[in-house]
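1. Pasting the sequence and the predicted coordinates here, then a few questions.
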Amino acid sequence: VKNIFWMKQINYFFLIFLFSLSLESYSQISVSGYTNYVVGINTNKEKRISFEAKVFANNYIEDLPMEFNAFYNFKTKEYHRISIGLGVNISPFNTIDQMNSFVIPTSLEIFPMKDFKRIAIVFELTPEIRIEDEVALRSLLGIRYTFGKN
């Protein structure tokens, strides 16, 4: 039983590693704080493909859901940007069923200041295809700050 546990852990860490691969060494980082105690870190949204990791922090450690997404970012407009992605929601510290759901997040970022795109209001609507359940629809509202170049 312990060998199966460690094999699952290795598989999830390998999945996380694949999501974190990049062809360039520089990446602009953003931090997002969402409603419902969710914190996210993502790579440069100015590029066509970006990645985001979220932690749903209002849980016990063994049930702590984490989400890893890859996004396709449409061209940034004067006051907004739209992104659509694919990802997985897992509970890596849970020993039983660690894969929670597959997700398809759709994100709308609104820039309140046209010339200062480091701060954005984020709306996210995400269908969740749960492993042991049916499809659910999740929505998040948050604020994002981007570090690095403007």
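-> Nice, thanks for sending it over.
2. so where do the helices sit in this protein?
-> 2-20 (DSSP state H).
3. gap between stretch 134-150 and the chain center?
-> Chain-centre distance of stretch 134-150: 8 Å, with C-alpha atoms, centre = their mean, to the nearest Å.
4. so for that stretch, what's the average pLDDT?
-> Mean pLDDT, stretch 134-150: 88.
5. buried sites along it?
-> Buried residues in stretch 134-150, defined by neighbour count with 16 or more other C-beta atoms under 10 Å: 138, 140, 142, 144, 146. (Glycine included, C-beta is placed from N, CA and C.)
6. what's near enough to touch the first one?
-> Neighbour list for residue 138: 103, 124-128 [criterion: C-beta atoms under 8 Å, 6 or more residues apart in numbering].
7. got it, and the second one?
-> Residue 140 makes contacts with 34-36, 38, 122-124, 126, as judged by C-beta under 8 Å, 6+ apart.
8. repeat that with 10 Å
-> Neighbour list for residue 140: 32, 34-36, 38, 40, 54, 56, 105, 107, 122-126 [criterion: C-beta atoms under 10 Å, 6 or more residues apart in numbering].
9. Out of the residues you listed, which two sit at the greatest distance?
-> Based on C-beta to C-beta, the longest span within these runs between 56 and 123 and measures 17.5 Å.
10. if you count what's nearby, which of those two comes out ahead?
-> More neighbours surround residue 56 than the other of residue 56 and residue 123, with 20 against 15 (other C-beta atoms under 10 Å).
11. May I see the buried residues of stretch 134-150 arranged in a markdown table, with distance to residue 113 as well?
-> Putting the buried residues of stretch 134-150 into a markdown table (distance: C-beta to C-beta, whole Å) gives the following:
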| residue | distance to residue 113 |
| --- | --- |
| 138 | 28 |
| 140 | 22 |
| 142 | 17 |
| 144 | 13 |
| 146 | 13 |
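12. circling back: just name the closest of the contacts of residue 140 to residue 96, please.
-> residue 56 (17.7 Å).
13. Who are the contact partners of that closest one?
-> Contacts of residue 56 (C-beta under 10 Å, 6+ apart): 34, 36-39, 63-67, 89, 91, 100, 138, 140.
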